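Novice: fold the following and give me the result.
(2 chains)
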Amino acid sequence: MVDAGIVIEQIITGLSIGSWLFLVAIGLSLVFGVLGVLNFAHGVLFAIGAYVAVTTVQSAVGNFWIGVVAAAVVVGVIGLVIEMGFIRQLYGRAEEDLDQLLLTFAFVLIIEDIIRIIFGSGTRQMSPPAVFGFTVSAAGFSIPAYRLFVIAVSFTVMGAILVTLKTTNFGRLVRATSSDRDMASLLGVNVPRLYTMVFVIGAALAGIGGAFAAPLQSVTPALGETVIIEAFVIVVIGGLGSFVGTFIGAYLVGLMIAVGSIFAAGAGELFPFIALIAVLLLKPEGLVGGAEA
Amino acid sequence: MSTLELEDVNGYYGNSHILYDLDLQVDQNEVVALLGRNGAGKTTTLRSITGTIPRREGRIEFRGENIADDSVDEISNKRVKLVPEERRIFPTLTVHENLLLSRDSCKGTEPRDVEEMYDIFPILDDLRENNGRNLSGGEQQMLSVARALVQNPDLLLLDEPTEGLAPVIVDDLEEILEDIVSEDVTVLITEQNVEFALELSERAYIIESGENAWDGTIDELRDREDLLEKYLSVGVEE
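Specialist: Below is the predicted model:
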């Protein structure tokens, strides 16, 4: 019989994992939903964000929040270069999807090597910002305040995205273009520019995710690879292109990883893939199925 | 100077040559019908004007400016607005959001008021919060016209506006379009419903297999039953 205390602890851990997985997956989902590009390089963009944050915090700057902003800016600029310089050349090709996949996969290999060259192959670690250097205790359980903070960040990002989609013209453009880009052009929308903006936002979200996850994770050059696979599992479970689905998927995967590990070592890593197969067989459009985007 | 002038326009989809040396002219505030059988190249002609065809050659001038090499959004921002045959309402946006998006994307001129659209199309007023995907064909067509109109077009291109609509809706639409064309707007309309087009228009072009077959005034066309039968397979009621 599993101890109820352990289960609750693992649920808390699962929510924490889900929160930063959401920050990775949401950018992937956004870029796919609007541009139709499955960006394999999203994971390495996340890794760059983590490295930028660690480097900033451990440098003379020494400030976590500047690290988060730096991660968003640096990764956003890299996203700008990737989209305008490369992905844009592939839109409208007959084998567009395959070419995009191969191109973004090439960036995985290139960026991972660049990370090794600049930062070395070793593991980097950093502490949460001092303001969250305490634990919150309730009913016999304790949880580091920083984990609660990242959970709050994920809810805030989700809320901000939903509000933006619903109440701003940019949000309406994103929703409209994801269903009919040609009609958006006919209404005078500069679709290539919108695509660049969305890709940069997606990349910046990956950077921010990496920065917020850095105190919770060992930062290694291979971080991007692990993360991209989990992010893909999340967006498929949630429904490709659905933001609410991504949110639900991220927390489900986080919970499966943490709670699953109670049963057997390694089982936690397995459950998300079982769920992935189940979703693909039973509800291939995903749990939410792109309803709002 | 004409508002729109096409000279020797050729249009292609991949290796298919669809339009052959097409000429067409629409003057300021004129309503011109583009008629022809299914597959004659009417929609392709409109697409060559809006830039949505993969390849076009020839001279396409709008207000004296060559637009043949402009992108779709650049042409739209010169106030050339298409109401497409398929209506293409954004399915996940509400009626109101479809109009807001159109208003806020309008460049090159001041957009019209969204509320004004609800006065012109009262049927849309009750449907403000309905998603595009839940509208009937007639409602979608009204919204599609309203969405173009809110951008305050200089040239309005209507592609088969009555297609698939119930007769009672066609009558409503005709009334609304008659009001619209009496305003300060130039219109090029394609229609299978020839009587509908003749009611609205002043002049017509007939095209056949992507080539000019005839052009003249509506009165001339009404007297030419041979043309109507040969190119449009219809008899026109007197």
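
Novice: contacts, neighbours, all on C-alpha from now
Specialist: Noted.

Novice: so where's the chain shaky on pLDDT?
Specialist: Since you didn't name a chain, this refers to chain A. A:1-2, A:289-293 (pLDDT under 70).

Novice: please refer instead to chain B.
Specialist: B:234-238.

Novice: where does residue A:80 land in three-state SS?
Specialist: Following DSSP: H, G, I helix; E, B strand; the rest coil, residue A:80 is assigned to helix.

Novice: could you report the separation of it from chain B?
Specialist: 22 Å (C-alpha to the nearest C-alpha, to the nearest Å).

Novice: and what of residue A:31?
Specialist: Distance, residue A:31 to chain B, by C-alpha to the nearest C-alpha: 18 Å.

Novice: dump the residue contacts of that residue.
Specialist: A:37, A:38, A:39, A:198, A:199, A:202, A:241 (C-alpha atoms under 8 Å, 6 or more residues apart in numbering or on different chains).

Novice: show me which residues of chain A sit near chain B.
Specialist: A:169, A:172-173, A:175-176, A:179-180, A:182-183, A:185-190, A:291-293 (C-alpha under 8 Å from any C-alpha of the partner chain).

Novice: need phi/psi at the closest residue to chain B within the stretch 151-293 of chain A.
Specialist: Residue nearest to chain B within the stretch 151-293 of chain A (C-alpha to the nearest C-alpha): residue A:188, separated by 4.1 Å. Phi and psi for residue A:188, reported as degrees, to the nearest 10, are phi 100, psi 10.

Novice: remind me which helix or strand the closest residue to it other than its chain neighbours belongs to.
Specialist: Excluding the flanking residues, the one nearest residue A:188 by C-alpha to C-alpha, 6 or more residues apart in numbering or on different chains is residue B:73, at 4.1 Å. Secondary structure assignment for residue B:73, by DSSP states H and E: helix B:72-76.

Novice: ok, the next helix or strand along the chain from that helix: who's next to it in the sheet?
Specialist: As assigned by DSSP H and E, the chain's next helix or strand after helix B:72-76 is strand B:80-83. Paired neighbours of strand B:80-83 in the sheet (DSSP bridges): strand B:155-159 (parallel).

Novice: on that earlier part again, thought the residue of the stretch 151-293 of chain A closest to chain B was touching residue B:106?
Specialist: Yes: using C-alpha atoms under 8 Å, residue A:188 is in contact with residue B:106, at 6.6 Å.

Novice: what touches both of these two?
Specialist: Contacts common to residue A:188 and residue B:106, judged by C-alpha under 8 Å, 6+ apart, are residue B:77.

Novice: which residues in chain B form helices?
Specialist: B:42-50, B:72-76, B:95-105, B:114-120, B:122-125, B:137-149, B:167-181, B:194-200, B:218-222, B:225-232 (DSSP state H).

Novice: redo those helices as a markdown table? Include distance to residue A:159 and mean neighbour count.
Specialist: Putting the helices of chain B into a markdown table (distance: least, C-alpha to C-alpha, whole Å; neighbours: other C-alpha atoms under 10 Å in any protein chain shown) gives the following:
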| stretch | distance to residue A:159 | mean neighbour count |
| --- | --- | --- |
| helix B:42-50 | 38 | 24 |
| helix B:72-76 | 32 | 24 |
| helix B:95-105 | 20 | 23 |
| helix B:114-120 | 28 | 15 |
| helix B:122-125 | 29 | 16 |
| helix B:137-149 | 29 | 23 |
| helix B:167-181 | 41 | 15 |
| helix B:194-200 | 49 | 18 |
| helix B:218-222 | 57 | 16 |
| helix B:225-232 | 56 | 16 |
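
Novice: now render those helices as a markdown table, adding distance to residue B:32.
Specialist: Output for those, formatted as a markdown table (distance: least, C-alpha to C-alpha, whole Å):
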| stretch | distance to residue B:32 |
| --- | --- |
| helix B:42-50 | 12 |
| helix B:72-76 | 19 |
| helix B:95-105 | 25 |
| helix B:114-120 | 22 |
| helix B:122-125 | 27 |
| helix B:137-149 | 17 |
| helix B:167-181 | 11 |
| helix B:194-200 | 8 |
| helix B:218-222 | 9 |
| helix B:225-232 | 16 |
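
Novice: residue A:17: which of the ones you listed is closest?
Specialist: helix B:95-105 (36.0 Å; C-alpha to C-alpha).

Novice: using PDB, list the CA coordinates for that closest one.
Specialist: The C-alpha trace of helix B:95-105 is given here as PDB (Å, rounded to 0.1, in the frame of the first residue of the first chain):
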ATOM      1  CA  VAL B  95     -19.500  37.500 -36.000                       C
ATOM      2  CA  HIS B  96     -18.500  40.600 -34.000                       C
ATOM      3  CA  GLU B  97     -14.900  39.500 -33.900                       C
ATOM      4  CA  ASN B  98     -14.800  38.900 -37.600                       C
ATOM      5  CA  LEU B  99     -15.900  42.500 -38.100                       C
ATOM      6  CA  LEU B 100     -13.500  43.900 -35.500                       C
ATOM      7  CA  LEU B 101     -10.600  42.000 -37.000                       C
ATOM      8  CA  SER B 102     -11.500  43.400 -40.400                       C
ATOM      9  CA  ARG B 103     -11.900  47.000 -39.000                       C
ATOM     10  CA  ASP B 104      -8.600  46.900 -37.100                       C
ATOM     11  CA  SER B 105      -6.700  45.400 -40.000                       C
END
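
Novice: name the helices or strands packed onto that helix?
Specialist: When contacts are defined as 3 or more C-alpha pairs under 8 Å, 6 or more residues apart in numbering or on different chains; DSSP states H and E, helix B:95-105 sits against helix A:169-179, helix B:114-120, helix B:137-149.

Novice: out of those helices, which comes closest to residue B:92?
Specialist: Closest among the helices and strands packed on helix B:95-105, using C-alpha to C-alpha: helix A:169-179, at 7.2 Å.

Novice: give me the contacts around the closest one.
Specialist: Counting by C-alpha under 8 Å, 6+ apart, residues outside helix A:169-179 touching it are A:33-36, A:164-166, A:183-184, A:191, A:292-293, B:90-93, B:97, B:100-101, B:104.

Novice: same check on stretch A:67-76?
Specialist: So stretch A:67-76 is contacted by A:45, A:48-50, A:52-57, A:200-208, A:210-212 (C-alpha under 8 Å, 6+ apart).

Novice: which ones among the residues you listed map onto helices?
Specialist: Filtering those for helices - DSSP H - leaves A:45, A:48-50, A:52-57, A:200-208, A:210-212.

Novice: any idea how far the spatially most central residue of chain A lies from chain B?
Specialist: In chain A, the residue lying closest to the centroid (C-alpha atoms, centre = their mean) is residue A:24, at 0.9 Å. Separation of residue A:24 from chain B (C-alpha to the nearest C-alpha): 25 Å.

Novice: which element, helix or strand, includes that residue?
Specialist: Going by DSSP H and E, residue A:24 is part of helix A:4-35.

Novice: and that helix, which residues are buried?
Specialist: Neighbour-count burial for helix A:4-35, counted by 16 or more other C-alpha atoms under 10 Å in any protein chain shown, picks out A:10-35.

Novice: chain center to it, what's the gap?
Specialist: In terms of C-alpha atoms, centre = their mean, to the nearest Å, the centre of helix A:4-35 is found 9 Å from the chain centre.

Novice: same question, stretch A:130-147
Specialist: Distance, centroid of stretch A:130-147 to centroid of chain: 24 Å (C-alpha atoms, centre = their mean).

Novice: next: stretch A:47-61.
Specialist: With C-alpha atoms, centre = their mean, you get 18 Å for stretch A:47-61.

Novice: repeat for stretch A:144-162
Specialist: 13 Å.

Novice: try stretch A:96-106
Specialist: 19 Å.

Novice: for it, which residues meet the burial criterion?
Specialist: In stretch A:96-106, the ones that count as buried by 16+ other C-alpha under 10 Å are A:97, A:99, A:100, A:101, A:103, A:104, A:105.

Novice: can you say which helix or strand has the fifth one in it?
Specialist: If I follow you right, that is residue A:103. helix A:96-119.

Novice: perfect, that will be all.
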